[in-house]
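1. Below: sequence and its predicted model.
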Amino acid sequence: MPPTPPTPATPRQPSAPDRPPAKGMVWVPGGSFRMGSARFYPEERPVRPVAVDGFWMDAAPVTVAQFRRFVKATGYVTLAERPLDPAAYPRADPALLVPGALVFRPTPGPVPLDDFRRWWAYTPGAQWRRPEGPPSTLNGRELHPVTQVSFADAQAYAAWLGKRLPTEAEWERAARGGLDGAVFCWGEEFTRKGRYLANTWHGRFPWENLALDGFHGTSPVGSFPPNGYGLADMAGNVWEWTADYYDDHHPDPAPRPCCTPHNPRTAGPVERHSQNGFHRRVVKGGSFLCAPDYCLRYRPAARQGQTEDTATCHLGFRCVADATGPRPPGPSGPGRSEPA
């Protein structure tokens, strides 16, 4: 008889506790899945099997109201609110070395899509309280995802609650909602019986947004149906930070079934993707600015790199907690961050 083939690595799958460790979190079961895609952009390749343990995840991106409570409790100052160090940006216009962030500005008409600076502008005064810069406000946006947060800002919020940012593999496992290999979080078709299932760009980017899904910008979290795990906005609305450093391709698949990567993550910064001393991290999920003719990235496999200092009006985050739950806040640990 031929030898029995090796058994693929199986992740630890603790049963979901009766109650989530924090309000608004849902359980993502551990298991193996095919990570990546060979059907779209090069950085999503190659497709390879990976395995992750079960974990808890915020059911929706962190909202303005939630982030406001964090700032009020800790006095935290986001990166976009802090003075810029000229040494970190040696080629920047000195007039722009003031606190601010990137804001999307639709063009008046069609433009070539080879230079994002045609529709993105560094805007002094733009920050989480004024996502589009002065004089924009957060009025009516308490339940929208918080934006204009850098990687460090997202990490600080997560640490305050004793949580953490997801790895890329965890995020993709969660976004698939049990539909291994499907194009979208909900299946193969972009719409379901003519119904839009995510907040994305409709029309010709970057000038014509028809808002067929009902939104020109961010939308209140949970405005669209959740995926199979009960997670909302895993596609569109805002991009989300992950903990992994960015490289422009996935590692090659394991040579043998027994060696399926278990809870994989990047080992360290990829220097060729660093800029001004800031490393790139993987962001996932796409946003309300993703259009099929420019950025068809509102898919679980889609990924992009952003430098850690990036803050934009379409970039947010959500947190995860391990099976044992988050650490409780305390005066000398997570939960009482000193003002930055």
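-> Nice, thanks for sending it over.

2. Quickly note the distance from the residue nearest to residue 49 when sequence neighbours are not counted to residue 31.
-> With Cβ to Cβ, 6 or more residues apart in numbering as the criterion, residue 49 has its nearest non-adjacent residue at 5.0 Å, and that residue is residue 260. For the C-beta atoms, the positions are set from N, CA and C on the backbone; glycine is no exception. According to Cβ to Cβ, to the nearest Å, residue 260 and residue 31 sit 11 Å apart.

3. what's the overlap in contacts for these two?
-> Shared contacts of residue 260 and residue 31 (Cβ atoms under 8 Å, 6 or more residues apart in numbering): residue 51.

4. Now for the residue nearest to residue 82 when sequence neighbours are not counted: which residues touch it?
-> Computed as Cβ to Cβ, 6+ apart, the closest residue to residue 82 that is not its neighbour in sequence is residue 99, at 6.1 Å. For residue 99, the contacting residues are 80, 81, 82, 83, 84, 124, 125, 127, taking Cβ under 8 Å, 6+ apart as the criterion.

5. Low-confidence stretches in the stretch 101-250 of the chain?
-> Judged against pLDDT under 70, the stretch 101-250 of the chain has no low-scoring part.

6. how many other residues sit next to the closest residue to residue 190 other than its chain neighbours?
-> In this structure, residue 190 finds its nearest non-sequential neighbour in residue 184, 6.6 Å apart by Cβ to Cβ, 6+ apart. The tally of other residues near residue 184 (other Cβ atoms under 10 Å) stands at 23.

7. Same question for the one 4 residues further on.
-> By the measure other Cβ under 10 Å, the count of residues near residue 188 is 9.

8. Equivalent analysis for residue 276, please.
-> The burial count assigned to residue 276 is 13, neighbours taken as other Cβ under 10 Å.

9. residues contacting it?
-> Residue 276 makes contact with 88, 89, 90, 307, 309, according to Cβ under 8 Å, 6+ apart.

10. Around the second one, how many other residues sit close by?
-> Residues near residue 89, counting by other Cβ under 10 Å, number 16.

11. what residues are up against it?
-> The contact partners of residue 89, by Cβ under 8 Å, 6+ apart, come to 97, 276.

12. per-residue pLDDT, it?
-> Residue-level confidence at residue 89 comes out at 80, pLDDT.

13. Can you say which of the contacts of residue 276 are buried?
-> For the contacts of residue 276, a neighbour count by 16 or more other Cβ atoms under 10 Å gives the buried set as 89, 307, 309.
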